[in-house]
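1. This is the structure alone, sequence omitted:
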């Protein structure tokens, strides 16, 4: 059976109302409605199928499902804490943002059913889509460009971690695995699933504790968040929220785990909901001319980051 996942409409009244009601931290302007020449999400992904279809019959879907089986089995609370302690030292490399962007050229995401291009194309497709709709929010353009830089964890200099420890949807650990998670059935093999300290709705947390107090599955999101937080930068706090939770799809698609939110998370989710359109639905075989847009993004990197960062 094939389940077709509908794409969100980019110009609905609900979206329009949400944009008008946004209360943003950092004092930057409210985003304006989409322009006539704004980002138009494609109807199909780069494989010619519907987006985020995890249940179709194809070789790609089968390999993606195998990925999630490994991820859901191995991502435990103790594993994630160990990885944070190790990579939080930021002692793997010292380089600039653009240098890291270039490393994405050789990386392909095994968990993604929608993309066949390298991750550097995904980065620029996301950034350029956001730039079309919100030309004045340059922090959003840069956030889109760098949101997946943590995938360098797949490379030898960064530990050459397995794909299940780098990519894929993210989810909270230390509490029950919500059924909204992709391929939820495979959590049955996760040791935390049978641990009474971790397998209740709240687990080790209290309601309203805030997402920043929740241990998430380890991967590129958390690593890039640690890098951005651990180096000086001029990004607004909501940009770091987007980087940290952009793969936490049940968060903004189904409202799962909302018992853990606090008011600040609710406000930040409004921007994350905007961002995920560019992350998920910009994936296309229409490639970005990197050299053409490079000067613009180099200027943003210089504006928001130092020339060298610790990774």
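-> Okay, I see it. Only a predicted model underlies this, so the values are computations on that prediction, with no experimental measurement involved.
2. C-alpha only now, for contacts and for neighbours.
-> OK.
3. what residue ranges in the stretch 101-250 of the chain score low on pLDDT?
-> 109, 111-118 (pLDDT under 70).
4. any idea which residue sits dead centre in this protein?
-> residue 246 (2.7 Å; Cα atoms, centre = their mean).
5. Run a quick check on it versus residue 277, I expect a contact.
-> No: the pair residue 246 / residue 277 is not scored as a contact, 10.6 Å apart, by Cα atoms under 8 Å.
6. can you give me the strands for the stretch 201-311 of the chain?
-> 215-216, 309-310 (DSSP state E, counting those that start in this stretch).
7. what residues does the first one touch?
-> With contacts defined as Cα atoms under 8 Å, 6 or more residues apart in numbering, strand 215-216 is touched by 77, 80, 81, 170, 171, 172, 173, 174, 222.
8. which secondary structure elements does the longest helix along the chain contact?
-> Ordering each helix of the chain by length in residues (DSSP state H) puts helix 263-280 first. Judged by 3 or more Cα pairs under 8 Å, 6 or more residues apart in numbering; DSSP states H and E, the packing partners of helix 263-280 are helix 119-133, helix 138-146, helix 237-245, helix 249-253.
9. Mind jotting down where the helices sit in the stretch 1-150 of the chain?
-> 13-21, 59-74, 77-87, 97-103, 119-133, 138-146 (DSSP state H, counting those that start in this stretch).
10. Now do the phi/psi pair for residue 172.
-> Dihedral angles of residue 172 (phi, psi; degrees, to the nearest 10) stand at phi -70, psi 150.
11. contacting residues for it?
-> Residue 172 touches 214, 215, 216, 217, counting by Cα under 8 Å, 6+ apart.
12. From residue 286, how far out is it?
-> For residue 172, the distance to residue 286 equals 34 Å [Cα to Cα, to the nearest Å].
13. just residue 217 next, same as before
-> Distance from residue 217 to residue 286, by Cα to Cα: 32 Å.
14. Could you do residue 157 as well?
-> Distance from residue 157 to residue 286, by Cα to Cα: 31 Å.
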